[in-house]
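Undergrad: missing the sequence, but the structure's below:
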């Protein structure tokens, strides 16, 4: 059993004043540092759950330090003289008592109940905490539970019984209904006081108003729970969007030959470079397919937005591109129809795309673009972008006509199609608007030595895959066979 406090327990000695002053000074400095962090946290988006949680924690820490400084100041000044203490305000007599501004720990009162004389001694502050008239005297242990909320009364009764019967210290919280109608949360610490013969003579307790502290802690918990829910939701959306992307993108990446037989066929390989781990899935895509007349379709594009909406829109666009290409629509008109599709969709979006149609019999490449990086042509150790025909972003304007251009590819040529994220992220990391494209063109020597499109893709992945990507990217490489 814990050692109960003796009635003749010697009075504690006050701490050294210099030591308390040092603690106050350290508390003030720490408070200033935390307050600086809090000011930065205030300038955040209210819709950001993580920032709301950080700000709530900063508020709680600042208030804790304010209360610590106030209590250290009281410790330095010593207990107030009873004679000089101001008269206690009495609720119901025109005076409204409030907690100290900015305080979370609140007021602290003390009490002692003498079991031999039935005398009850309350401090002035305890009367203020309960909103009770000092003239009415303190509440007895039997009457005290009546001021608690009904659901907390059994808790206080159990604490007092364990203290008086078994000598257990009191350490618990309960809620009271103040005379102003508000519910307050009190934290109670207490012990039995034994007489020289070891019998329980009285019980003392310190009661602290922790209402504001608990409210602040609840705010932190709510913001933390909100953050966790948002993170869980975002993680689920990323997973679903990634699964949708994987289901929509072509199942091949390592190698594809189009057409399957015949001279001048394309050796194809593609790669998706993901963004940072916690970045949402974007709307980039690549595709290649053999057309009924023996020609091949190559397309790469990117839609604005992220997550499930972008992935589902990407699925719609890829299906439309495939359908129009199978119907024999040329790249330029195809992009015009795609532009009208995005304009009239339930969820309008902007996008960029490049669409190519290759004829292996003649080596002719018909292509058009909609606000998209031009294909890069690698030939005999050199590299250059193809001159782009006119074309604006998909969904940006009505009635747009997309120009179509023609290029002639030779056996051994390598054509590289990519989304803008590949060059943009590289440029941001290296400095200079053209750095990403220049790095791609700088792979000409490696492409000349490559024996397959897959080796070319591997060179691109080695060059760009290690970058901390803000957005995902796609690359499609076609190597013209002999």
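TA: The structure has been received and is ready for your questions. Only a predicted model underlies this, so the values are computations on that prediction, with no experimental measurement involved.
Undergrad: how about residue 189, secondary structure?
TA: strand (DSSP: H, G, I helix; E, B strand; the rest coil).
Undergrad: make sure it is actually in contact with residue 173.
TA: No. The pair residue 189 / residue 173 is not scored as a contact, 10.4 Å apart, by CB atoms under 8 Å. Just so you know, the C-beta spots here come from the backbone N, C-alpha and C atoms, and that holds for glycine as well.
Undergrad: all helices of the stretch 201-350 of the chain, in order?
TA: With DSSP state H, counting those that start in this stretch as the criterion, the stretch 201-350 of the chain has helices at 211-248, 307-326, 331-344.
Undergrad: in JSON lines, list those helices along with mean pLDDT and distance to residue 69.
TA: Listed next are these as JSON lines, based on pLDDT from 0 to 100; distance: least, CB to CB, whole Å:
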{"stretch": "helix 211-248", "mean pLDDT": "77", "distance to residue 69": "15"}
{"stretch": "helix 307-326", "mean pLDDT": "86", "distance to residue 69": "47"}
{"stretch": "helix 331-344", "mean pLDDT": "92", "distance to residue 69": "60"}
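Undergrad: any chance of the ones you listed in a markdown table with distance to residue 36 and mean neighbour count as columns?
TA: Below are the helices of the stretch 201-350 of the chain laid out as a markdown table (distance: least, CB to CB, whole Å; neighbours: other CB atoms under 10 Å):
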| stretch | distance to residue 36 | mean neighbour count |
| --- | --- | --- |
| helix 211-248 | 19 | 15 |
| helix 307-326 | 35 | 19 |
| helix 331-344 | 47 | 20 |
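Undergrad: same list (those) but as JSON lines, adding distance to residue 472.
TA: Shown next, in JSON lines, are the helices of the stretch 201-350 of the chain (distance: least, CB to CB, whole Å):
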{"stretch": "helix 211-248", "distance to residue 472": "9"}
{"stretch": "helix 307-326", "distance to residue 472": "10"}
{"stretch": "helix 331-344", "distance to residue 472": "20"}
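Undergrad: now residue 250: how far from residue 271?
TA: 12 Å (CB to CB, to the nearest Å).
Undergrad: out of the helices of the stretch 201-350 of the chain, nearest to residue 398?
TA: Proximity to residue 398 (CB to CB) singles out helix 331-344 among the helices of the stretch 201-350 of the chain, at 6.2 Å.
Undergrad: what lies in contact with that closest one?
TA: The contact list for helix 331-344, computed with CB atoms under 8 Å, 6 or more residues apart in numbering, reads 316-317, 320-321, 324-325, 329, 348-351, 353, 355-357, 366-370, 389, 391, 394-395, 397-398, 400-404.
Undergrad: and the residues you listed, which of them are buried?
TA: 316-317, 321, 324-325, 329, 349-351, 353, 355-357, 366-370, 389, 391, 394-395, 400, 402, 404 (16 or more other CB atoms under 10 Å).
Undergrad: so which of those belong to strands?
TA: 351, 353, 355-357, 366-370 (DSSP state E).
Undergrad: among those, which pair sits farthest apart?
TA: Maximum distance among those (CB to CB): 20.5 Å, for 351 and 366.
Undergrad: could you find the closest non-adjacent residue to residue 353?
TA: residue 301 (3.3 Å; CB to CB, 6 or more residues apart in numbering).
Undergrad: so what's that neighbour up against?
TA: Per CB under 8 Å, 6+ apart, neighbours of residue 301: 284-285, 317, 351-354, 370, 372, 394, 419.
Undergrad: no more questions from me, cheers.
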